[in-house]
Structure formats: C-alpha cells, structure tokens
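Undergrad: Need coordinates for the following:
(chains A and B)
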Number of protein chains: 2
Amino acid sequence: MLKDESPSRTELSELGEFGLIDRLTSDMKILNKSTVKSVGDDAAVIDHGGKLTLVAKDLLIEGVHFDMSYTPLKHLGYKAAAVNISDIAAMNGKATQLLVGISVSNRYSVEALDELYAGMRLACKKYNVDLVGGDTTASVSGLFISVTVVGEVEAGKQVYRNSAKENDLICVTGDLGAAYMGLLVLQREKEVYKANPAMQPELEGYDYVLERQLKPEPRTDIIELLQKAGIKPTSMIDISDGLASEVLHISKDSNLGCRIYEEKIPIDVVTADVAAEFKIDTTTAAMNGGEDYELLFTVNINDLEKVKAIKGVSVIGHMTSKEEGEYLVSSGGSMYPIMAQGFEHLK
Amino acid sequence: MLKDESPSRTELSELGEFGLIDRLTSDMKILNKSTVKSVGDDAAVIDHGGKLTLVAKDLLIEGVHFDMSYTPLKHLGYKAAAVNISDIAAMNGKATQLLVGISVSNRYSVEALDELYAGMRLACKKYNVDLVGGDTTASVSGLFISVTVVGEVEAGKQVYRNSAKENDLICVTGDLGAAYMGLLVLQREKEVYKANPAMQPELEGYDYVLERQLKPEPRTDIIELLQKAGIKPTSMIDISDGLASEVLHISKDSNLGCRIYEEKIPIDVVTADVAAEFKIDTTTAAMNGGEDYELLFTVNINDLEKVKAIKGVSVIGHMTSKEEGEYLVSSGGSMYPIMAQGFEHLK
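TA: Below is the predicted model of the structure:
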C-alpha cells in the first residue's frame, strides 16, 4: 500500500500549539496582492477593494474544548458563534457573516442539531451576523464544530497584535478569571454526579461564572465605544487563552516587554468568592484561566483620559522596551516573569 | 447536571445530508446588506465594496472522507485545498486565500502534519492561493481537516446554481467516473493487504484513476477559457457528489427539468477498462461515483459553437421545463429518472 514512511518522529507535544503553527505556516510567500495580513493574528485581512474583509476560523472539539456532560447544546452553539465574532472584534472590525461546518456521529439526533443551531442563530441575531453557510457531515465519533467568520473594517482601521509601541498603556475590558471558575464548578458537579447520579446539582449562586463559561459575549460594544471616543488601539487581541498568553503575544509580536500590575487586574466579586472556595488565587485564574473573551489592547498614553472614561475598560499596565522583559508586578511590589500556561491543547 | 432533554428523537439518517442542511438553515433572514448570497450554493457571496468576496468551507473527516491506510498525507493536503479551490471556480471566481483548521490526535507526529501542509502548500502554489490562517488543536481520535477558501469575482460575473434557463445546454468538463474507480482500486488493495501484508500492491496501470481519486485538480483553467471565449455560464456547480446529484441541484434550484444523454457523458478509456474489470457500468460511475471535481454548467444555446470550441468541454444534455422531469436518455433511447445516490455521508 501507499505508506508514509517518515524518517523521524517528533511528538506534537514537543512543539505545543503555537510552536506547531509557527512551524507549519512559516516561510510562506504571499502571492496575491489582496492578502493584506496572513497567518499570525486573530483574523486574516483581505482587500478586494472597498472595505477590508476579515476572515477567521475556530474549531470546537468534543472532549477537548467542551464536555457534553455539562454543556447544553444551545449554549455550545451560541459560544461557537460568539468566540468567532470576538476574533473579528479583536481586529477592530465588525462581524458580518458566519459559515458553520459540523461533523457529528449518529449518537446525535436531528433535534440535538436543532438546539445547536438555535444557539448559533441566537448569537447571530444578537450581533447582527448572517449565517451564510452550513455543512454537516458524519463523524466516526464525537462532535466537531468548525466556524468561519467574515467581518469588515474600513481600510486603515484594522488593528494587529504586533503594533504596540513602548510606553503604550495596556487595557482590558470587563473582568477576568470568571470563565475558568465556571469551568471548575461544572467539573466539580460532574464528579459529584458520577459518584452519585441521584444528587441534585449545586449550581445556585454560581450563575455569573457559569454564564461566563457557557455563554461568553464578544465585546463588540467596546469596539463601538472606542470608535466614538476617537481612540484607535495601537494593538489588540481577544482573551481566549488567558491574560498571560495574550499579553505575551502582543509583547513578542511587537518586539517589546510589558508590565502588568496585579492590583489593577479586574476581578468580579463572584469570581473572587468562587476562587476562595476552590483555594485558587484570582490572579492565577485571570492570567492562565482563559476563555474570558474580553479584549486586551494598548493605547497611546495621550489617550489615557479618553480610555478611562469608557465604562468597562481597565488600564492594567504598560509596554516597555524588549530588554525590560515581561513581568507581573504584585501588590507587594515583587516582579514575576509572565509565562503562558493557558489552553495549549496539544501539551 | 444540565441536560438536553429533547422531547423527540429524529435520527440523522432520516433526513440525509441535504435535508438536514435545509432544516437547519431555512428561514434565516438576511441582516447585512453585504450578504449577496447566503446558504445553498458552492460559496457564499459577500459585497464589501470593490470585487465580490466568495467564501466556502469543506470538512474532510478521517473514516468518512478518507482512509488513512491508503491516503498519503501529502495527497490528502493537496486534495483538501483543491476541493475548496474548486468550490470557488464553481462560482466563476478565482480562489485567493485559504484558512486551515486541523484537529489531530497524538497518534500523528509533527512530521505527518508537515506532509499534510506540504500538500496544501503545493496546491496553493499551483493555484496562486495564499495560506493565510492555520489552527491546529488536539482531537480525541482521528484527523479532522476544515478548510475555508476565500475568492474573488467581479460584481455581476458570479454564477449560481439556480439560474439555468429552459433549453440551456448542459456542459461538463473533463471526464467522469475516474475518481470513483480509483477509490475501488484502493479499497481492493487494502483488502488484499489485510489478508496478506506480504503481498505487493498491484497499482500499475491504474495511475490515471488513482491520481483522479487522490489528487484531483480544480478546473480553474476552464473558468479562464470561458471568460476568454466570452461565455458566462447561466448556472454552474462542481461535481463532488456525482453527476446525478449535481444536475439535480441545478434543475431543482432553477425550477426546471433536464435531459442527460448517456452516450455524451465523457468517460476516459482507463476508467472504462477499470469499470469493466470491476463489472461496474461506466454511466453508474459517472452519475453516482462523485469526487471528480469537474465543473457542470449550463450555457445559452446561442453559445453552442463557442463552447464546443473549448477543449475539454462536452455538451451532454439540455434543460427542460420542470414538468418534463429529470431524465437520463440511454444510448438505446430509453428514459431513466435521475436520482441522487451520491456521497450522502449521513445516510
């Protein structure tokens, strides 16, 4: 038979998710002048004349990104759409169309897919996005969701990860760490249920963190508010893998260092309560928890007053020269090197 | 726990692939004026000013769309890109960018993914397409490939499935049925290998049908030739599921009937030889085999001479009124109703 006889074998775990993407996509020469931005940001940027077209895609895999035992299908559909819309917001753009590919085993019924699509439609309606493509195929096992989002942005208004400048202020929207706490609550209830299926779930009082985990909302509102305030961020990314991983993306891609001030990181009171219950440090949850889908961006220091006037934005640090490195400054004044320990699914 | 308690259960197989897509995507109101064409064609059409943007996506699932025991990874990568580029050709457009999402179990090595990407890059280079997005995540088992393709077409030049007119000529590029014969050869060799791993594969003389199965080429050349000849097809689709399924798409979407003349269906001599060996009728292979990735299109009868002058295009029938139904006219003059028996993966 036709065989793939590779001379050597490197395990995927040796490279990790980002190392692997770098390896597979490096050295690619751009052939089309319509390709404005290729691999390496939240979305690709394409110029077919008129407005720029933004395209991004995300995969959601059963057993890796979600656990069917505690994820309602309607929420899953909503989240699949929301995280893609968030990618377009992170480019300073507006999502306009969505294409969905679903691969599903016969363990799922038509009604189950109805629920999944109901969630996607709900998110599309809320964020004014058209669902323009659907493809459903069989899978041998499990549920795989592949969503492609298309967005638009006026030429020159797109914001990348690699364009922060020294001394720029680092800003974040909303609050962080809640989605991770929601995940821990759901995982705990799953264990309780497995031990004793007759037990009733204890989810009361956890609404906020559960909603943050199961039904994240992309911060398209902030994109509009920034525009109204006349602020163009100097760089931007959305927080899918945790604050640490994302601020490192901006720093490394911009060839800079950064300081994040621990006491400035916005944490909701419910998140703090749940973190205390799980004996987890809230800073750890914010830095490494991930899935908050808030926006992390930098602005010129001259925009300080304007950005502080926007409700729901916190200034949490600033960019430094590359030589100064990337550090978290604790409430006590100690400096901790920032390391990415987020959702690297392949490690 | 949070449970999805559906009141009733409909099996996916009851609806089939197309029925399911119809159910999930029906009744969707378009919210953005940039959405020119939504669900229901080879690609969505988006107008952000300037040229129109075409977006399509395809999933390739291990165990459903390909069998790793006889599919070299480099070929698989090439095919994943090629079938997407074909979708854009089927809209009368030119593919410009590709985004790739791969979900892979740790059974695969980094070198295996290198091979897969090498194939995708090769196709991208050949068809002048930029690979602008890559995302790789873990899977619990198997290999899932999700490719999104972006293309462009001048406004007004895009061609849909639903715009054929009565008496239009039905044309097809290249020859049909070969990819299916290639699949049968590979499946036979797999069985031989399973029975006796020491046996050498007998693939000699089957090069053409194997290449058609493993390394299909999108017919972007025909799009250019049609343009040079001043022909705008009245409708078009690419042949992924077999001639029967595709001509029914054009007929039903255009609210027409059709006649296909069996003796006009282009069959390569190698395909005919292999079909004889497998005791399969070549017409059956062409009608229901699928994966040829040739273009099926209709032209106005006034373009007959022009279209006949294009090498590699066969005129195989014509559109009729809806009332006349969809029929294959045999060499002997008998009429057989055309039914889709192609690659409906969910059935």
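
Undergrad: Residues contacting the one helix or strand A:E115 maps to, please?
TA: In the assignment (DSSP states H and E), A:E115 maps to helix A:110-126. For helix A:110-126, the external contacting residues (Cβ atoms under 8 Å, 6 or more residues apart in numbering or on different chains) are A:72-82, A:85, A:98, A:100, A:102, A:104, A:129-131, A:134, A:136, A:145, B:4, B:6-12, B:14-15, B:20, B:23-25, B:28, B:31. The way it works is simple: take the backbone N, C-alpha and C, and place the C-beta from them, glycine included.

Undergrad: list the buried ones in it?
TA: Residues A:110, A:112-117, A:119-124 are the ones in helix A:110-126 that count as buried (16 or more other Cβ atoms under 10 Å in any protein chain shown).

Undergrad: can you count the residues close to A:L203?
TA: By the measure other Cβ atoms under 10 Å in any protein chain shown, the count of residues near A:L203 is 16.

Undergrad: And the lowest mean pLDDT element among the helices and strands of chain A?
TA: None of the helices or strands of chain A scores lower by mean pLDDT, DSSP states H and E than helix A:12-25, at a mean of 79.

Undergrad: check whether the helix or strand just after that helix contacts chain B.
TA: The C-terminal neighbour of helix A:12-25 among helices and strands, as given by DSSP H and E, is strand A:35-37. Yes. Strand A:35-37 reaches chain B (Cβ under 8 Å from any Cβ of the partner chain) through A:35, A:37.

Undergrad: Next: stretch A:218-238.
TA: No. If you take Cβ under 8 Å from any Cβ as the test, stretch A:218-238 misses chain B, and the best it gets is 13.7 Å.

Undergrad: now the strands for the stretch 201-347 of chain A?
TA: A:235-238, A:257-261, A:295-299, A:313-320, A:326-329, A:335-337 (DSSP state E, counting those that start in this stretch).

Undergrad: who touches the fifth one?
TA: Applying Cβ under 8 Å, 6+ apart, the external contacts of strand A:326-329 come out as A:244, A:247-248, A:251, A:257-262, A:283, A:287, A:317, A:335-338.

Undergrad: and that strand, which strands flank it?
TA: For strand A:326-329, the pairing partners within the sheet under DSSP bridges are strand A:257-261 (parallel), strand A:335-337 (antiparallel).

Undergrad: Tell me which of those sits nearest to B:K157.
TA: The closest approach between B:K157 and any of these, judged by Cβ to Cβ, belongs to strand A:257-261 at 48.3 Å.

Undergrad: What are the contacting residues of that closest one?
TA: A:170, A:243, A:247, A:250-251, A:316-329, A:338.

Undergrad: do you know which of the strands paired with strand A:326-329 lies nearest A:A309?
TA: Going by Cβ to Cβ, the one of the strands paired with strand A:326-329 nearest A:A309 is strand A:257-261, 20.0 Å.

Undergrad: and the angle from that closest one to strand A:313-320?
TA: Per axes from the mean of the first three to the mean of the last three Cα atoms, to 10 degrees, the angle that strand A:257-261 makes with strand A:313-320 is 140 degrees.

Undergrad: For strand A:257-261, list the C-alpha coordinates in PDB.
TA: Extracted in PDB, the C-alpha atoms of strand A:257-261 (Å, rounded to 0.1, in the frame of the first residue of the first chain):
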ATOM      1  CA  GLY A 257       8.300  44.000  27.000                       C
ATOM      2  CA  CYS A 258       5.500  44.700  29.400                       C
ATOM      3  CA  ARG A 259       4.400  45.400  33.000                       C
ATOM      4  CA  ILE A 260       1.100  44.200  34.300                       C
ATOM      5  CA  TYR A 261       0.000  45.400  37.800                       C
END
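
Undergrad: Centre of the chain to it, how far?
TA: Distance of strand A:257-261 from the chain centroid (Cα atoms, centre = their mean, to the nearest Å) equals 20 Å.

Undergrad: Please work out the average pLDDT along it.
TA: Average pLDDT, strand A:257-261: 98.

Undergrad: Between strand A:295-299 and that strand, find me the angle.
TA: Going by the same axes, to 10 degrees, strand A:257-261 is angled at 110 degrees with respect to strand A:295-299.

Undergrad: who are the neighbours in contact with the residue most central in space within chain A?
TA: Chain A has A:S240 as the residue nearest its centroid, 2.3 Å off, counting by Cα atoms, centre = their mean. Counting by Cβ under 8 Å, 6+ apart, A:S240 touches A:83, A:86, A:246, A:290-291, A:293, A:343.

Undergrad: okay, it: pLDDT?
TA: So, for A:S240, pLDDT stands at 93.

Undergrad: returning to that earlier point: as TSV, the strands paired with strand A:326-329 with distance to B:K57 and mean neighbour count would be great.
TA: Converted to TSV, the strands paired with strand A:326-329 look like this (distance: least, Cβ to Cβ, whole Å; neighbours: other Cβ atoms under 10 Å in any protein chain shown):
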stretch	distance to B:K57	mean neighbour count
strand A:257-261	36	21
strand A:335-337	40	11
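
Undergrad: mind giving me a markdown table with these and columns for distance to B:R219?
TA: Putting these into a markdown table (distance: least, Cβ to Cβ, whole Å) gives the following:
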| stretch | distance to B:R219 |
| --- | --- |
| strand A:257-261 | 51 |
| strand A:335-337 | 55 |
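
Undergrad: Out of these, flag the one nearest A:V153.
TA: Among these, the nearest to A:V153 by Cβ to Cβ is strand A:257-261 (25.4 Å).

Undergrad: Show me what from the stretch 151-300 of chain A comes close to chain B.
TA: Checking the stretch 151-300 of chain A against chain B by Cβ under 8 Å from any Cβ, the hits are A:152, A:189-190, A:193, A:201, A:203.
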